[in-house]
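> Make a model of this:
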Amino acid sequence: MAPIVIAIVGQKKSGKTTTIEVLTKELTRRGYKIAAVKHIPEPDFTIDKEGKDTWKFAQAGARIVVAVSAVEIATIEKTESKSLSLNAILQKCKDSDLVFLEGFREQVAETKSIYKIALVKSPEEVAEDLKIFDPLLAFVGPCQLKSGLKRIPCVDAQNDPKRLADLVENITKKKVAT
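This is a model prediction of the structure:
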């Protein structure tokens, strides 16, 4: 079965990484295999470091470089990521139960097969996210921001991680049941 994909969306410094950490910790504890994908929009960012052996391999022309240590394996693929579809990226996570995407705002906005958790700090962000994202699983942020809105729960991810994980787990159970 393909993993369930949930995009964590919000402005810079809104708590996206923290929300993924909290969900990953709680859902891993519950036995789920989690993958996390981080969108890094900076054009010159590289995980590889100049002068290191892996960098030298890529400079020599290797398109795929695999670094193996005692506790991890890192695969570096030298490719123009603009040509990669979101589905191609998600294929790299196919052995997971859940995939959390951080960012990818435009790519996931109205993709119905990807649930969204929106981090918000103002009523204006709530209103904007309601127009942009579908389906919305939850809001994370000050819950008084969305007074009167009943259909989408608002959760404090840091103080109530179990509730947010329960929302994600409920989606997982619904998918398995269908």
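
> just the helices in this protein please.
Along the chain, the segments classed as helices by DSSP state H run 16-29, 53-59, 86-91, 105-108, 123-132, 161-177.

> is it possible to export the ones you listed to a markdown table including mean neighbour count, mean pLDDT and distance to residue 1?
C-beta here means a position set from N, CA and C on the backbone, and glycine is covered the same way. Converted to a markdown table, those look like this (neighbours: other Cβ atoms under 10 Å; pLDDT from 0 to 100; distance: least, Cβ to Cβ, whole Å):
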| stretch | mean neighbour count | mean pLDDT | distance to residue 1 |
| --- | --- | --- | --- |
| helix 16-29 | 18 | 96 | 16 |
| helix 53-59 | 15 | 92 | 34 |
| helix 86-91 | 14 | 90 | 13 |
| helix 105-108 | 16 | 89 | 20 |
| helix 123-132 | 15 | 88 | 28 |
| helix 161-177 | 15 | 87 | 8 |
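
> mind putting those in TSV, distance to residue 155 included?
TSV is the format used below for these (distance: least, Cβ to Cβ, whole Å):
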stretch	distance to residue 155
helix 16-29	9
helix 53-59	40
helix 86-91	25
helix 105-108	19
helix 123-132	13
helix 161-177	5
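
> do you know which of these lies nearest residue 9?
Smallest distance to residue 9 across those (Cβ to Cβ): 5.3 Å, for helix 105-108.

> Report the central residue of the chain.
residue 101 (1.7 Å; Cα atoms, centre = their mean).

> returning to what we had before: let me know which of the helices of the chain is the nearest to residue 37.
helix 86-91 (6.2 Å).

> Contacts made by the closest one with the rest, please.
3, 5, 37, 99, 104, 107-108, 111 (Cβ atoms under 8 Å, 6 or more residues apart in numbering).

> Could you let me know which of the residues you listed ends up closest to residue 152?
Using Cβ to Cβ, the contacts of helix 86-91 come closest to residue 152 at residue 108, 16.3 Å.

> Can you verify my assumption that the closest one contacts residue 9?
Yes: look at residue 108 against residue 9 with Cβ atoms under 8 Å: they come within range, at 7.1 Å.

> Give the residues shared as contacts by those two.
116, 133.

> So for the residue located most distally from the centre of the chain, what's the pLDDT?
Ranked by distance from the centre of the chain (Cα atoms, centre = their mean), the top residue is residue 60, with 32.6 Å. pLDDT recorded at residue 60 is 93.

> which residues sit in contact with the nearest residue to residue 63 once chain neighbours are set aside?
Using Cβ to Cβ, 6 or more residues apart in numbering and skipping residues adjacent in sequence, the residue nearest residue 63 is residue 78, 5.1 Å away. By Cβ under 8 Å, 6+ apart, the contact list for residue 78 reads 58, 62-65.

> In PyMOL, select just the buried ones from the residues you listed.
Buried residues among these (16 or more other Cβ atoms under 10 Å), as a PyMOL selection:
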select buried, resi 58+65
